[in-house]
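Peer 1: with the input below, show me the fold.
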Amino acid sequence: MLFHVRMDVSIPPGLDVTDRVASEKARALELQRAGVWVHLWRIVGRYSNFSVFDVASNDELHGILSTLPLYPFMTIAVTPLATHPSDLAAQ
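Peer 2: Residues are numbered from 1 along each chain as shown. A predicted model of the protein is given here:
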């Protein structure tokens, strides 16, 4: 199943998250290499991203997102995706 995920990060002022940011990058790369996090785009001018995940279920996605080191500082919006009948790949 494909999911469109928006992640907005909001770090409390004065909190040092240098180690978490490095761990977040490592975890994101790991998930991308595993084929789970299939697209990742920065939202210009924000500490946010749009991503596409390919996982088996809502529960699997929740489990993955909760392993992200910056998860406690994220607001996350998830939209399940379905194939559009006019998509070239669906023809």
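Peer 1: specify the beta-bridge partners of residue 42.
Peer 2: Beta bridges link residue 42 to residue 49 when assigned by DSSP bridges.
Peer 1: that one contacts residue 9, correct?
Peer 2: No: judged on C-beta atoms under 8 Å, residue 42 makes no contact with residue 9 at a distance of 11.2 Å. In this view, the C-beta of every residue, glycine as well, is placed from N, C-alpha and C.
Peer 1: which residues do these two both contact?
Peer 2: residue 48 (C-beta atoms under 8 Å, 6 or more residues apart in numbering).
Peer 1: so which of those two has more stuff around it?
Peer 2: Taking other C-beta atoms under 10 Å, residue 42 and residue 9 do not tie; residue 9 has more neighbours (18 against 10).
Peer 1: who's that one bridged to?
Peer 2: Bridge pairing for residue 9 - DSSP bridges - gives residue 74.
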